[in-house]
Structures are given as C-alpha cells and as structure tokens.
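[1] sequence first, then the predicted structure, then my questions.
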Amino acid sequence: MIEAGKKALPSITFVEPEPSQVALFCYTSGTTGEPKAAKLTHANLIAVATGAKCRGFDIDHTDTTISYLPLAHSFEQILFVTAMVCGSKIGYFGGDVLKLTDDCQVLKPTLFPSVPRIYNRVFDKIQARLSELTGMRAYMAQRAIQKKLFYLENYATYNYNFYDTIVCNKFKAILGG
C-alpha cells in the first residue's frame, strides 16, 4: 500500500512514524476530574494489537469485526488498529444499536468484541428464547449448554458438533452465524 501511495503521489514524502510519536488522542469523559486528552503512541497501539495476538486472539484476513462503538472510544480504536495489523475486515453497523443483531445478519462477523451492556442484551435475548422452550426442546437446549460448558472447562474448547448442529447454531444465527 505504501508503494502504491508513493507512485500515486510522488511529490509527497512518506515518513514512517517513530514508535514514540503520538498516533491519536483519546479523550476521557472526565469521570474523575476534568475531561482531558490522553496521548496514545504508535507503540501503544501496536503493543495492544500484538499482545492480543500473542495471547491467542487469532485474527487474520478471513475475519470480520463488527464496529458499532463510537470511533472516539479507546476500545474501538484498539479494535480498528488490531484489524489493520492483522489484515481483517471491519463492518460498520447501520447506526441503531437496537438493530445490531440485524446488522450482524448482513455482516456475519466472526468477531463481536463488545462492552458488557451489549453482551447482556444478547444474553437476555437468548435467555428469553430458552424460557419459551418446553418438553424435549427445553431438555436438549439445557443438555447442550451443560455439555458445552463441560467441554470448555475441561478441554478448553466450545465445539461439540452434535449440539452445535441441532441447538447452538440457532443461537449463533442471532449474531450472523
């Protein structure tokens, strides 16, 4: 990309930033005092993206992240930089958080990084659907949850093909699959 930029704009000199140079400002809300701008350097941003990858957050060009937090939010900025570093795609929501699951149907994100409030909404939606189940469907759903938790706790995996196919994929579909 840099080489293409140099060819397209030969009169502009490209200077690579130093790690210690400010990449962006993150504005605080002022919860504990006056609002202020925190300086985030290139090294800060790359360290977080690299650290996530080193800790098993395995993202590559096949992944898509849904972006819905304000772009001024520090978490959203880190997600953006991580996507750039890893070469993944970013899909932007339509602007209405209440229709976020509809946006997921279109974007089909493989990553849904979020804040607790949104996870609680998704959890509540799933719990509401579970509470409507009766008989064998309710039994199968509870059994699927038990098995998947067992596999997660004992084998560090959440895959369980049988229950994924007949129960869990319906819930995954809420977030685009």
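    Noted; the coordinates are in hand.
[2] give me the distance from the longest helix anywhere in the chain to the chain's centre.
    Of all the elements of type helix in the chain, the one with the most residues (DSSP state H) is helix 135-155. Centroid separation for helix 135-155 versus its chain: 25 Å, with Cα atoms, centre = their mean, to the nearest Å.
[3] go on, stretch 119-138?
    23 Å.
[4] list the buried residues of it.
    Buried residues in stretch 119-138, counted by 16 or more other Cβ atoms under 10 Å: 122, 126. Where C-beta positions appear, they are placed from N, C-alpha and C, glycine not excepted.
[5] same check on stretch 46-61?
    Those would be 46, 48, 49, 52, 59, for stretch 46-61 by 16+ other Cβ under 10 Å.
[6] tell me who's in contact with residue 141.
    Contacts here follow Cβ atoms under 8 Å, 6 or more residues apart in numbering; on that basis residue 141 touches 130, 133, 167.
[7] what sits against the second one?
    For residue 133, the contacting residues are residue 141, taking Cβ under 8 Å, 6+ apart as the criterion.
[8] mind starting the numbering at 153 from now?
    Okay, using 153 as the starting number, the last item reads as residue 285.
[9] now, the contacts of residue 293 that are in helices?
    Going by DSSP H, the helices hold residue 282 from the contacts of residue 293.
[10] burial check on residue 261, number of neighbours?
    Counted with other Cβ atoms under 10 Å, residues neighbouring residue 261 total 22.
[11] distance of it from residue 214?
    Distance of residue 261 to residue 214, given as Cβ to Cβ, to the nearest Å: 12 Å.
[12] just to revisit the earlier point, closest to residue 171 among the buried residues of stretch 198-213?
    residue 198 (7.3 Å; Cβ to Cβ).
[13] what strand or helix carries the closest one?
    Residue 198 is located in helix 194-206, with elements delineated by DSSP states H and E.
[14] now the contacts of residue 293 as TSV including distance to residue 298?
    Shown next, in TSV, are the contacts of residue 293 (distance: Cβ to Cβ, whole Å):
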residue	distance to residue 298
282	13
285	15
319	11
